[in-house]
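A.B. asks: With the sequence up front, the predicted model follows.
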Amino acid sequence: MQQVWHAWGNVIIAAVLAVPLVVIAIRLLALRRTRDGHPFPVRTAVADVVMTAGTAPWIWMILTPRAGDSSVSLIPLADLWMVLHGSGETSFVQVGGNLLVFAALGAMLPVRSARFASLARVAAVAATASLSVELLQYGLRLGRVSSVDDVLINTAGAVLAAAVTRRWWASQIADGIVPR
């Protein structure tokens, strides 16, 4: 884990220091939406800010350049197989990190809008976002591997996070509380 701290400690510190700013942003956005007569000011403010703040550090990490050549891996599960047969720490960091990239998005998207209140729609949004990030990695020549496995694992993480919050958003939809 020392390697993770050395590589990403600055991102971790920035994310932790951002927590008070996230709370302030939620409060200010909710106040503005209340003032503007929005029907669900607090709920949508929480969802919007958490989706953004929970995804931004991961995107920062993913789009940070590295030494080396950029490459593409289009064979599903090939990279995952290699990672899982490497060291336990590397497997944990790679798979765990990829599961978390769009977890905040997956958890909050159906909370934000009933239009996304299905795991299939969350998967579609997450897959599109993940594919966009992988294309950016390759197009910007960041010295990273753009992998179909990353898209699959990022999408799975978003869907799992949506499933974890499903009880909350499904009950809110049934009660007519979630905005369309």
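C.D. replies: The structure has been received and is ready for your questions.

A.B. asks: In this protein, which helix is the longest?
C.D. replies: If you go by DSSP state H, the chain has its longest helix at helix 148-174.

A.B. asks: Please name every helix or strand in contact with that one.
C.D. replies: With contacts defined as 3 or more C-beta pairs under 8 Å, 6 or more residues apart in numbering; DSSP states H and E, helix 148-174 has these neighbours: helix 78-84, helix 88-100, helix 103-112, helix 119-139. Any C-beta I mention is one placed from the backbone N, CA and C, and that applies to glycine too.

A.B. asks: May I ask which helix or strand encompasses residue 72?
C.D. replies: Applying DSSP states H and E as the criterion places residue 72 in strand 71-73.

A.B. asks: List the neighbouring strands of that strand plus their orientation.
C.D. replies: Take DSSP bridges as the rule and strand 71-73 pairs in its sheet with strand 145-147 (parallel).

A.B. asks: Average pLDDT for the strand it pairs with, rounded please.
C.D. replies: Mean pLDDT, strand 145-147: 95.

A.B. asks: what does stretch 33-52 give?
C.D. replies: On average, stretch 33-52 scores 95.

A.B. asks: Can you redo the helices and strands packed on helix 148-174 as CSV, where the extra columns are mean neighbour count, distance to residue 61 and mean pLDDT?
C.D. replies: Listed next are these as CSV, based on neighbours: other C-beta atoms under 10 Å; distance: least, C-beta to C-beta, whole Å; pLDDT from 0 to 100:
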stretch, mean neighbour count, distance to residue 61, mean pLDDT
helix 78-84, 16, 16, 93
helix 88-100, 16, 8, 90
helix 103-112, 25, 14, 96
helix 119-139, 17, 11, 97
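
A.B. asks: do you know which of those lies nearest residue 56?
C.D. replies: helix 103-112 (9.1 Å; C-beta to C-beta).

A.B. asks: ok so, going back, make CSV out of the helices and strands packed on helix 148-174 and add distance to residue 72.
C.D. replies: Formatted as CSV, those follow (distance: least, C-beta to C-beta, whole Å):
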stretch, distance to residue 72
helix 78-84, 11
helix 88-100, 16
helix 103-112, 24
helix 119-139, 6
